[in-house]
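Student: next input, structure requested:
(chains A and B)
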2 protein chains.
Amino acid sequence: MIENLKNLLGAENVLSKQEAAPYFKDWRGRYAGNALAVVFPANTEQVSAVVQLCAAHQISIVPQGGNTSLCGGAVPLADGSSQLVINLSRLNKIRQIDATNYTMTVEAGCKLFDVRSAAEKNNRLFPLGLTATQKICEIGGNLSTNAGGINVLRYGNARDLVLGLEVVLPDGRIWNGLRSLRKDNSGYDLKHLFVGAEGTLGIITTAVLKLFPLPQTIVTACVAVHNPAAAVALLSHLRTTCGDRISGFEIVSRSCLDLVFKHTPDMHEPFANKHDWIVITQLADVLLTPLENALQDAIRSFGDGIVDFKIDTDAERANHWWKLRENIAEAQKAEGTSIKHDISVPVSRVAEFIERASSELNRTFAGIRIVAFGHMGDGNIHYNASHLDRAQNDSFIKANELKINRIVYQVVAELNGSISAEHGLGQLKREEITHYKSEIELDLMRSIKRVLDPKGLMNPGKVL
Amino acid sequence: MIENLKNLLGAENVLSKQEAAPYFKDWRGRYAGNALAVVFPANTEQVSAVVQLCAAHQISIVPQGGNTSLCGGAVPLADGSSQLVINLSRLNKIRQIDATNYTMTVEAGCKLFDVRSAAEKNNRLFPLGLTATQKICEIGGNLSTNAGGINVLRYGNARDLVLGLEVVLPDGRIWNGLRSLRKDNSGYDLKHLFVGAEGTLGIITTAVLKLFPLPQTIVTACVAVHNPAAAVALLSHLRTTCGDRISGFEIVSRSCLDLVFKHTPDMHEPFANKHDWIVITQLADVLLTPLENALQDAIRSFGDGIVDFKIDTDAERANHWWKLRENIAEAQKAEGTSIKHDISVPVSRVAEFIERASSELNRTFAGIRIVAFGHMGDGNIHYNASHLDRAQNDSFIKANELKINRIVYQVVAELNGSISAEHGLGQLKREEITHYKSEIELDLMRSIKRVLDPKGLMNPGKVL
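Tutor: Residues are numbered from 1 along each chain as shown, chains lettered A, B, ... in the order given. Down below sits the predicted model:
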């Protein structure tokens, strides 16, 4: 097999043993797998040839991009004797930018940052916003996992940003669905099957992405609110009064701020007083227009629930507020591991979720630290739990992880939410999801998997 | 069978023979089929019971809403002995409006007009815009056919306006996917399989729809342009300068205007002089803001290509321009039948499509009338052909329809377009599409059809 692969791709593009090890573990160090090798095809035809070889030899395939999955979705399982990692990073060409059609055609291995930069050079915006990983993650992985981020409220998930795909199917055939059409009602919409399937139905090799006008005016507000309920109401009010130019609406709890101030240099309180909850929201517009007036009027007319607020059109100063948000994950890491939940509920029920989950966890577990923050604009909260005392943290997590998951996910289920809003299932939630999806839905998913991948070779042990 | 159905639904909800005839033909009178009966279930459980009965007796199922398909998608085939029409019109409850979550939950039989009105009463917009049929068509059909219309440029197709679905599967099981989440990455996105499948994979019975802020300021422009190429460039310029507040961008050719003036009372030229091509475009914003200035600046800064333009913030006067657009189909009907094409190409290539198709048709067929208009903002042109001399029209169409289709669709294919942008395939284009889709894509579609509907009972003879 290895010899065949070297003949196909060149010896330098087939790594095994020690050389391959970095590609077999995930970046957070939670999942370490093994595989025959990791290969680096240069184009779609080579991907197809490798997949055909795998299919002929009953070798499982793990598609991999920037390997930034938070759920172990892009690394092989532990038993490596019959798995091959196909890394797409060499498919990194931006094939075309059509500024008039507001589209660009990019290969799977293009880094998100490079995609965004290329769009911007053409006076266009590609709005997928994953600030923490955008220089590492690749667009193929973004699409395979239907990535979210901070601009979903306005522009949708990765799924909503794609018009066409090219996919290598599990038998090696190449499906060319590279359409750049805003409208196409000529049969089943196959691209939506592959987007978000986490590589279990095929390998996305190229995509046609939607572009948007590049904003010229940006204004940011930092708003201290009494509680999450006020934030929910404020969001609704802002959408009504300021419309779809709201590009982000993030909520940050006191516990997050305290962690950031403790572990990140040069960060300071946004207000003279400490507040329990702050919201960072941003309006953007292609018109050179006094957006700050609109935002100020909207916030002032909101009424009770707002403790304090500041508005800034200066990007540098506003960036400080965004850093409060962006540094939460790192700051939390410095305190040790935590039990992470990436949940969503209807936006109208976010406050209820936070209230119910927090009161039950605080009642059940003495010394628990709850770190709640995230994309309130989409109803997506990152809701993490650990122990306040770092010395007890590891044993606390080990003893209580399952129980804490069950409490959080039970509240999510009662509010008709999702236990994986934007990170996907991967290995992490493959079992857990079976408790929260109906047997009918699981059956439909398995049926589709079976018909597209009858040999079960694509990214085994992930999703389903 | 009929007795069983009457027992299930009540005799008054099972029509056959003469009483059922209106439900067996399409509204344009092109397709007349036959079936055992048409039934009117009152809720999802009754739909499920009827489908189970059909599955047990190997009776095919034709789901029907307002029956406004332009492709014969909602009527039975000619041989009616083993088909049943399931009309969803009695499932007409608006179950919930959550203004804070910007969602509403509606049953499939709700009329589009009623859905829009209910949203508006809650200070929200449901933006699917099908002015001609909105009082007849039903939301289940809109979703099953992934309807388009005049606001796709800003808000997307019907597919983009839905968050969750409830579907009765071909074996009668009910899939409850009624999520109202902006983010959910917990497995394959099944709703996108059923949206646009034209009832061949299951029956949509309820949906969670996305709502948007209700615009407060609307400004409309009527712009005479030199040619379609100028219109394409103007759209790109407007998007760059005015952004996503552009809610519509329609192009209308001289031949359309002449037909409208001939057949519609109280219509008049928008400008003192006659022009070959006009564009009607609209900006909308939730802010009370002088949009007309932005639009005027944008049009003035465009440069060559614009012959004349007018801007109006008065809804009544602007409505006259929209009526020029809306009355084209009726005016054309008054001249007899025509060969209709509902095509899309990348927006950047619309002018090239019109130029190439028209020059080839004019060269090949003496006396041909080309009526070109539509949703240029989405690259979707309605491109219809007939004979200038009404007396010759029928024989002209009969003799040349296939040849004309082939010429138009060949240009579409060379520009990587779609032969069905928004109307779907139905019976009309079921054969034709096989010339333009790859064998791999057709095979994937058939595989999915087979696994979800192994008995082949759902809307036979449509799509594939």
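
Student: get me the contact residues on the stretch 1-150 of chain A for chain B.
Tutor: A:Asp98, A:Ala99, A:Thr100, A:Asn101, A:Tyr102, A:Thr103, A:Asn123, A:Thr145, A:Asn146, A:Gly148 (C-beta under 8 Å from any C-beta of the partner chain). Quick note: C-beta positions are derived from backbone N, CA and C, even for glycine.

Student: need the pLDDT of the closest residue to the first one other than its chain neighbours.
Tutor: Distances taken as C-beta to C-beta, 6 or more residues apart in numbering or on different chains place B:Ser348 nearest to A:Asp98, at 5.3 Å, with adjacent residues excluded. If you check B:Ser348, the pLDDT there is 97.

Student: from what I can see B:Ser348 touches A:Ile97, true?
Tutor: No - between B:Ser348 and A:Ile97 there is no contact under C-beta atoms under 8 Å: 10.9 Å.

Student: chain center to stretch A:51-63, what's the gap?
Tutor: Offset of stretch A:51-63 from its chain centre (C-alpha atoms, centre = their mean, to the nearest Å): 27 Å.

Student: what of stretch A:376-390?
Tutor: Between the centre of stretch A:376-390 and the centre of its chain there are 15 Å (C-alpha atoms, centre = their mean).

Student: what comes up buried for it?
Tutor: A:Met376, A:Gly377, A:Asp378, A:Gly379, A:Asn380, A:Ile381, A:His382, A:Tyr383, A:Asn384, A:Ala385, A:Ser386, A:His387 (16 or more other C-beta atoms under 10 Å in any protein chain shown).

Student: what residues are up against the closest residue to A:Thr313 other than its chain neighbours?
Tutor: Spatial nearest neighbour of A:Thr313, excluding adjacent residues (C-beta to C-beta, 6+ apart): A:Val219 at 5.0 Å. Contact partners of A:Val219, counting by C-beta atoms under 8 Å, 6 or more residues apart in numbering or on different chains, are A:Gln282, A:Leu283, A:Ala284, A:Leu291, A:Glu292, A:Leu295, A:Ile311, A:Asp312, A:Thr313, A:Ala318.

Student: now with 7 Å?
Tutor: Counting by C-beta atoms under 7 Å, 6 or more residues apart in numbering or on different chains, A:Val219 makes contact with A:Leu283, A:Leu291, A:Glu292, A:Leu295, A:Ile311, A:Thr313.

Student: which ones among the residues of the stretch 1-150 of chain A next to chain B map onto strands?
Tutor: A:Asp98, A:Thr103 (DSSP state E).

Student: highest neighbour count among the residues of the stretch 1-150 of chain A next to chain B?
Tutor: Within the residues of the stretch 1-150 of chain A next to chain B, most neighbours by other C-beta atoms under 10 Å in any protein chain shown means A:Thr145, with 30 neighbours.

Student: for the helix or strand encompassing A:Asp394, packing partners?
Tutor: A:Asp394 is part of helix A:390-414, with elements assigned from DSSP states H and E. Under the contact criterion of 3 or more C-beta pairs under 7 Å, 6 or more residues apart in numbering or on different chains; DSSP states H and E, helix A:390-414 touches helix A:350-364, strand A:380-387.

Student: out of those, the one nearest A:Ser255 is which?
Tutor: With C-beta to C-beta as the criterion, A:Ser255 lies closest to strand A:380-387 of these, at 9.4 Å.

Student: hey, where'd the helices end up in the stretch 101-250 of chain A?
Tutor: In the stretch 101-250 of chain A, the helices defined using DSSP state H, counting those that start in this stretch lie at A:112-121, A:139-144, A:152-155, A:191-194, A:228-242.

Student: most packed of these?
Tutor: Of those, the one with the most neighbours on average (mean count of other C-beta atoms under 10 Å in any protein chain shown) is helix A:139-144, at a mean of 30.

Student: my guess is A:Gly141 contacts A:Pro63. True?
Tutor: No - look at A:Gly141 against A:Pro63 with C-beta atoms under 7 Å: they stay out of range, at 8.3 Å.

Student: any chance of the buried residues of stretch A:376-390 in JSON lines, with distance to chain B and pLDDT too?
Tutor: Converted to JSON lines, these look like this (distance: C-beta to the nearest C-beta, whole Å; pLDDT from 0 to 100):
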{"residue": "A:Met376", "distance to chain B": "11", "pLDDT": "96"}
{"residue": "A:Gly377", "distance to chain B": "8", "pLDDT": "95"}
{"residue": "A:Asp378", "distance to chain B": "4", "pLDDT": "95"}
{"residue": "A:Gly379", "distance to chain B": "6", "pLDDT": "97"}
{"residue": "A:Asn380", "distance to chain B": "5", "pLDDT": "97"}
{"residue": "A:Ile381", "distance to chain B": "10", "pLDDT": "97"}
{"residue": "A:His382", "distance to chain B": "12", "pLDDT": "96"}
{"residue": "A:Tyr383", "distance to chain B": "14", "pLDDT": "97"}
{"residue": "A:Asn384", "distance to chain B": "17", "pLDDT": "97"}
{"residue": "A:Ala385", "distance to chain B": "20", "pLDDT": "97"}
{"residue": "A:Ser386", "distance to chain B": "24", "pLDDT": "96"}
{"residue": "A:His387", "distance to chain B": "28", "pLDDT": "96"}
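
Student: what is the neighbour count of the residue lying closest to A:Asp160 once chain neighbours are set aside?
Tutor: Distance criterion C-beta to C-beta, 6+ apart; nearest residue to A:Asp160, sequence neighbours excluded, is B:Asp160 at 6.7 Å. As a burial measure, B:Asp160 scores 16 neighbours (other C-beta under 10 Å).

Student: and B:Asp160, how far from A:Arg154?
Tutor: With the distance defined as C-beta to C-beta, to the nearest Å, B:Asp160 ends up 13 Å from A:Arg154.
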